[in-house]
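> Got a predicted structure here, sequence first:
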Amino acid sequence: MTVYSVILFIHLLGALALFAGLGFEWRALRFLSQAKTLEEVRLWTGAGAVLPKLNGFAAAAVLLPGFYLATKMQVWPQGWISMALLGTFAIAGLGAGVTGPRMRAVRKASMEGSGPLPGEVEGRVRAPLLRTSFRLRLWLGLGIVLLMASRPGYGISIAVIAVSVIAAFAIPL
């Protein structure tokens, strides 16, 4: 076993962690969109509180080894690296800037009281922006996996990211 293979393993582990987090988020969003009571919202937002830590680990485990691998392989000038990095930063930005603050607001708004959902909480858990952010991050992640596997030039790499964004809006989950 070489240092390279261990670093590649950590990089792949980060990708698996990213998709595990997205899978959990998908279920949580499904249940939240059907929640009828504050207790149900608290259950899923409480369970989802671990996601920022998991996503932080995933980001570090993807990016840090990825920088090492790209340097070691001398592939920085290639199109797939640029587009994969752009997609990774978009995923992180959407998670930290869109989903994270909204889910914290839902959690905070649901902390007091019990019974049926107040209109404010219901509106927040059913907000289309949460699902849109999720779909964008999922499809960008899948596009990045394709880029990593096929290593195309700039033109195809840009097309893969563009198709990923289009798929996020065209394919409901």
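Right, received. Where do you want to start? Numbering: from 1, shown residues only.

> From here on, just use CA atoms for contacts and neighbour counts.
Noted.

> hey, which helix is longest across the chain?
helix 3-34 (DSSP state H).

> Going by neighbour count, which residues in that one are buried?
Buried residues in helix 3-34, counting neighbours by 16 or more other C-alpha atoms under 10 Å, are found at 7-8, 10-15, 17-22, 25-26, 28-33.

> Show me what counts as buried in stretch 47-66.
Buried residues in stretch 47-66 (16+ other C-alpha under 10 Å): Gly48, Leu51, Asn55, Gly56, Phe57, Ala58, Ala59, Ala61, Val62, Leu63, Pro65, Gly66.

> closest to Ala109 among those residues?
Ranked by distance to Ala109 (C-alpha to C-alpha), the buried residues of stretch 47-66 are led by Gly48 at 15.0 Å.

> got the contact list for that closest one?
By C-alpha atoms under 8 Å, 6 or more residues apart in numbering, the contact set of Gly48 is Phe24, Glu25, Ala28.

> now stretch 14-34, how far from the centre of its chain.
Remark: stretch 14-34 is offset 8 Å from the chain centroid, using C-alpha atoms, centre = their mean, to the nearest Å.

> ok so, going back, between the contacts of Gly48, which sits nearest Arg137?
When the contacts of Gly48 are ranked by distance to Arg137 (C-alpha to C-alpha), Glu25 comes first, at 11.0 Å.

> neighbouring contacts of the helix or strand where Arg104 lies?
Using DSSP states H and E, Arg104 sits within helix 100-109. With contact meaning C-alpha under 8 Å, 6+ apart, helix 100-109 is reached by Val41, Arg42, Thr45, Gly46, Pro52, Glu120, Val121, Arg124, Val125, Leu130.

> average model confidence for that helix?
Mean pLDDT, computed over helix 100-109, is 92.

> rewinding a little: now do the longest helix of the chain, average pLDDT.
Computed over helix 3-34, the average pLDDT equals 96.
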